[in-house]
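# Dropping the sequence and predicted coords here.
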Amino acid sequence: MLQNIRGTKDIFAPEIDKWHFLEQKIDKVTALFGYTELRSPIFEKTEVFSRSIGDNTDIVNKEMYTFIDKGGESVTLRPEMTAALVRSVIQNNLVYDLSSLRLWYLGPFFRYERPQKGRLRQFHQIGAECISSPYPESDAEVIMLSNYLINEFGIEDFSLEINSLGNEISRENYKKALTEYLNKHQDDLSFDSRNRLISNPLRVLDSKDQKDIVITENAPNILEYLDKESRSHFDTVLSILENAGIGYNLQPKLVRGLDYYSHTVFEFKSSALGAQDAFGGGGRYNSLFEQLGGKSTPAVGFAMGVERLILILDSLNKFPKLGGNCDIYIVSSGESTTDYCNEIALKLRNKNYKVLTDLQRRSFKAQMREADKLKAKFCILVGEDELTANTVTIKNLSIGEQVVIKFDLLDTIDF
Ligand code: HAM
């Protein structure tokens, strides 16, 4: 039997109801904050990602689905949206005056990772990006938007971890101090961290290796290396969050796995998730537009993993019990009544009832059983008698009573 690709999932009823539940909330909240949706292709020229996410990141190094197409071009299934969105904003010239451009997205993303709970090779993100404001108000806005979404989903027990990577000068100064410190402990670092020490020392702070964690406990603190401009930007973000009643944990070791960040970075974590405990993350990326050939444009955004949100909501039992797929089941006596049944069904669907008819030419009894299985509230029975008399027999399945009425009066009944 042909199987799906490892790390991908088929989503169907009743699981799909959970997606619809989240999608409705996402539509509502993004509209409340004035964000409009961007849908862009799920594959891009490889350069879009290799030039932005960073050559030394796991995503670019090991996880991208990259292939040469029949025209000889290297293309990549998008591993994330921010770089693709920036490409789209530059190409379509969407930033043209001083107003902020607010965009959101929802869709599939692809990373060749080792599948486990909450980690897939095709996963989905809901994200939002606020483009063209250099000010801390916009960092705070995207965090307030994500916080609003999380509340709207009904997740109460989560933490917001936040840090600042500062501007380029602060970051370079910090990198020097960190490298100096780590060099002294080089022999005790894990193999990966020793490599990162050369390619991207900040990522050593992210290591999950126990020995690395102990060493980095006493590493220099990035927040102490922020210059005045970076410090003031970050302090304002924090104070807006405090005044908005949003709690946070300062996390000076938070560096994120993508290289385009500067200033504010953040992650949302939930203990309901286990090893992959981050269900969202984001930050500011002031150099990305220039890196991708646009004019310098500051921006900030976040993304959350939909599958991880579903895991959290499942574990908290937060999904509402949704109604069934059938209000009324039309039980018919056979082919001669097909057109009449379709007429009845159309009339009722036009009144917003979910109506099903039998497509298997089953017996009356089997159709009644099917109506029961589908938890229909009513059956409409249609036989030769009803067809001739232009009537229908309505049976209330919960109390078992039935009445006969004229077809023309169907409109007047509330089921
Ligand atoms: P990210 O932290 O790489 O950030 O991904 C964001 C979220 O996507 C993660 O917190 C996680 O919930 C979900 N996610 C990532 N990889 C997987 C996977 N293999 N399986 C399941 N879920 C996954 C970004 O992608 C940035 N573009 C976020 C951003 C937007 N920064 C600025 N704007």
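Thanks, I have it.
# Give me the neighbour count for residue 196.
Neighbour count for residue 196, taken as other C-beta atoms under 10 Å: 21. (Each C-beta comes from the backbone N, C-alpha and C, glycine too.)
# Residue 302 is in contact with residue 130, correct?
No - Residue 130 lies out of contact with residue 302 (C-beta atoms under 8 Å); the separation is 9.5 Å.
# Common neighbours of these two, please.
The contact sets of residue 130 and residue 302 overlap at residue 142 (C-beta atoms under 8 Å, 6 or more residues apart in numbering).
# Residue 171 and the ligand: what is the separation?
17 Å (C-beta to the nearest ligand atom, to the nearest Å).
# Was I right to think residue 199 contacts residue 56?
Yes - the pair residue 199 / residue 56 is scored as a contact, 4.1 Å apart, by C-beta under 8 Å.
# List the buried residues for stretch 277-297?
By neighbour count on 16 or more other C-beta atoms under 10 Å, the buried set for stretch 277-297 is 277-289, 292, 294, 297.
# Kindly confirm my reading that residue 405 is in a strand.
Yes - Residue 405 sits within a strand when classified using DSSP: H, G, I helix; E, B strand; the rest coil.
# Specify the beta-bridge partners of it.
residue 392 (DSSP bridges).
# Tell me the first helix or strand C-terminal of the one helix or strand residue 144 maps to.
Secondary structure from DSSP states H and E places residue 144 in helix 136-153. Using DSSP H and E, the helix or strand that directly follows helix 136-153 along the chain is strand 159-164.
# Run the angle between that following strand and helix 136-153 for me.
170 degrees (axes from the mean of the first three to the mean of the last three C-alpha atoms, to 10 degrees).
# What pairs with strand 159-164, parallel or antiparallel?
strand 249-250 (parallel), strand 262-269 (antiparallel).
# Need the residues that contact the first one.
Strand 249-250 has contacts (C-beta under 8 Å, 6+ apart) with 159, 160, 161, 162, 163, 223.
# Is it possible to mark the buried ones in those?
By neighbour count, with 16+ other C-beta under 10 Å, the contacts of strand 249-250 hold 160, 161, 162, 163, 223 as buried.
# any idea of the pLDDT on the closest residue to the ligand within the chain?
Taking C-beta to the nearest ligand atom, the ligand has its nearest neighbour within the chain at residue 305, 2.4 Å off. Looking at residue 305, its pLDDT is 98.
# list the contacts for it?
Residue 305 neighbours (C-beta under 8 Å, 6+ apart): 118, 123, 124, 125, 279, 280.
# which of the residues you listed are close to the ligand?
Among the contacts of residue 305, the residues within reach of the ligand (C-beta under 6 Å from any ligand atom) are 118, 123, 125, 279, 280.
# pretty sure the third one is touching residue 306, no?
The one in question is residue 125. Yes - between residue 125 and residue 306 there is a contact at 6.7 Å, judged by C-beta under 8 Å.
# Kindly point out which residues are neighbours of both of the two.
Common neighbours of residue 125 and residue 306 (C-beta under 8 Å, 6+ apart) are residue 106.
# Looking at those two, which one has more neighbours?
A count of neighbours by other C-beta under 10 Å puts residue 306 above the other of residue 125 and residue 306, at 23 against 20.
# contacts for the lowest-mean-pLDDT helix or strand in the chain?
In the chain, the helix or strand scored least confidently by mean pLDDT, DSSP states H and E is helix 58, which has a mean of 87. The contact list for helix 58 (C-beta under 8 Å, 6+ apart) reads residue 257.
# That helix and the ligand, are they touching?
No - judged by C-beta under 6 Å from any ligand atom, helix 58 and the ligand are separated, with a smallest distance of 9.6 Å.
# from the chain's centre, how far out does that helix sit?
On the basis of C-alpha atoms, centre = their mean, to the nearest Å, helix 58 sits 21 Å off its chain's mean C-alpha point.
# Indicate which one of the strands paired with strand 159-164 is closest to residue 325.
strand 262-269 (33.4 Å; C-beta to C-beta).
# how many neighbours does residue 129 have?
Residue crowding around residue 129 was assessed by other C-beta under 10 Å; the count is 25.
# how would you label it: helix, strand or coil?
Assignment for residue 129 (three-state DSSP): strand.
# Please tell me how far it sits from residue 327.
Going from residue 129 to residue 327 by C-beta to C-beta, to the nearest Å gives 41 Å.
# repeat for residue 263
53 Å.
# between these two, who's got more neighbours?
residue 263 (26 against 20).
# what's near enough to touch the residue lying closest to that one once chain neighbours are set aside?
Of all residues not flanking residue 263 in the chain, residue 284 sits nearest, at 4.2 Å (C-beta to C-beta, 6 or more residues apart in numbering). With contact set as C-beta under 8 Å, 6+ apart, residue 284 has these partners: 139, 261, 262, 263, 264, 265, 298, 299, 300.
# Quick check: the two most widely separated of the residues you listed?
265 and 298, at 14.6 Å, using C-beta to C-beta across these.
# ok, those two, which is more surrounded?
Just comparing residue 265 and residue 298: by other C-beta under 10 Å the higher neighbour count belongs to residue 265, 23 against 20.
# Need the nearest residue in space to the more buried one, chain neighbours excluded.
The nearest residue in space to residue 265 (C-beta to C-beta, 6+ apart) is residue 283, at 3.6 Å.
# Show me which residues of this structure sit near the ligand.
80-82, 111, 113, 118-120, 123, 125, 127, 129, 257-258, 278-283, 301-305, 307-308.
# Looking at these, which are in strands?
123, 125, 127, 129, 278-283, 301-305 (DSSP state E).
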